[in-house]
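In: I need the structure of the sequence given here:
(chains A and B)
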Amino acid sequence: DAMVIQNPRYQVTQFGKPVTLSCSQTLNHNVMYWYQQKSSQAPKLLFHYYDKDFNNEADTPDNFQSRRPNTSFCFLDIRSPGLGDAAMYLCATSRGGGIAKNIQYFGAGTRLSVL
Amino acid sequence: GDSVTQMEGPVTLSEEAFLTINCTYTATGYPSLFWYVQYPGEGLQLLLKATKADDKGSNKGFEATYRKETTSFHLEKGSVQVSDSAVYFCALLTQGGSEKLVFGKGMKLTVNP
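Out: From the prediction side, this is the model:
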């Protein structure tokens, strides 16, 4: 049973055309994360929400935004995608609040192509 | 800052061969350590974890021991299978304030029949 669901699995957009990726979870976890993973590289954390508190990484470009309207859903908005933004985008969740509760559960990812 | 260094590969093994993937870390305090696996076209799955020194994590025949004295968390499996073909990431969970996963660069393993 999928617990962290990302839609779509594959997304193609045009250079400069805004795109939104979605993530939902059935785990009722407090924390939701967005990572960017480029080919043959480690995932790189973009930002995360702890409940409604948004935490942006210092080196995340302003072009990337996020919304979390409720516990279950989190969105990644790329306002003006460039060719360098083509990557796999991974959503993850965790319960938060201590080491034992901080195991992160990942979705299958959305592979974004920018034409 | 905190960091993870691991063997990058790619590595190709024959079925039933012994596997070791080295992982060392640099961190303040006593981080939790993880191995994640990523099968082709999928997201990351937690393979095993250890939260304190000398803990041994194990799952699906894989093992790793948290060695504080050598700041290492090497992954081992005695006999790999074709189905173990994947990318393996070593990671640590930073401590204090906002806890985050810091990943190594990953190692691609291919197991041939």
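In: now whichever helix or strand A:Arg111 is part of: how far from the chain's centre is it?
Out: Assigned by DSSP states H and E, A:Arg111 belongs to strand A:110-114. Its chain's C-alpha centre and that of strand A:110-114 lie 12 Å apart, by Cα atoms, centre = their mean, to the nearest Å.
In: please apply the same query to stretch B:101-113.
Out: For stretch B:101-113 - counting by Cα atoms, centre = their mean - the centre lies 8 Å from the chain centre.
In: sorry, back to before: contacts for the strand holding A:Arg111 next, please.
Out: Identification of contacts with strand A:110-114 by Cβ atoms under 8 Å, 6 or more residues apart in numbering or on different chains yields A:6-15, A:19, A:21, A:78, A:81-83, A:85-89. For glycine as for every other residue, the C-beta is placed from the backbone atoms N, C-alpha and C.
In: can you check stretch A:18-26 too?
Out: A:1-8, A:11, A:13, A:32, A:34, A:71-81, A:89, A:91, A:93, A:105, A:107, A:110, A:112.
In: strands - which of the residues you listed land there?
Out: A:4-7, A:11, A:13, A:32, A:34, A:73-78, A:89, A:91, A:93, A:105, A:110, A:112 (DSSP state E).
In: centre-most residue in chain A?
Out: A:Trp34 (2.7 Å; Cα atoms, centre = their mean).
In: surely it touches A:Tyr49?
Out: No - between A:Trp34 and A:Tyr49 there is no contact under Cβ atoms under 8 Å: 9.0 Å.
In: between these two, what contacts are shared?
Out: With Cβ under 8 Å, 6+ apart as the test, A:Trp34 and A:Tyr49 both reach A:Ser66, A:Cys74.
In: so what's residue 83 closest to, chain neighbours aside?
Out: Just so you know, I chose chain A. Excluding its sequence neighbours, the residue lying closest to A:Leu83 (Cβ to Cβ, 6 or more residues apart in numbering or on different chains) is A:Val114, at 5.4 Å.
In: hmm, I had chain B in mind actually
Out: Nearest one to B:Ser83, counting by Cβ to Cβ, 6+ apart, is B:Val111 at 7.8 Å.
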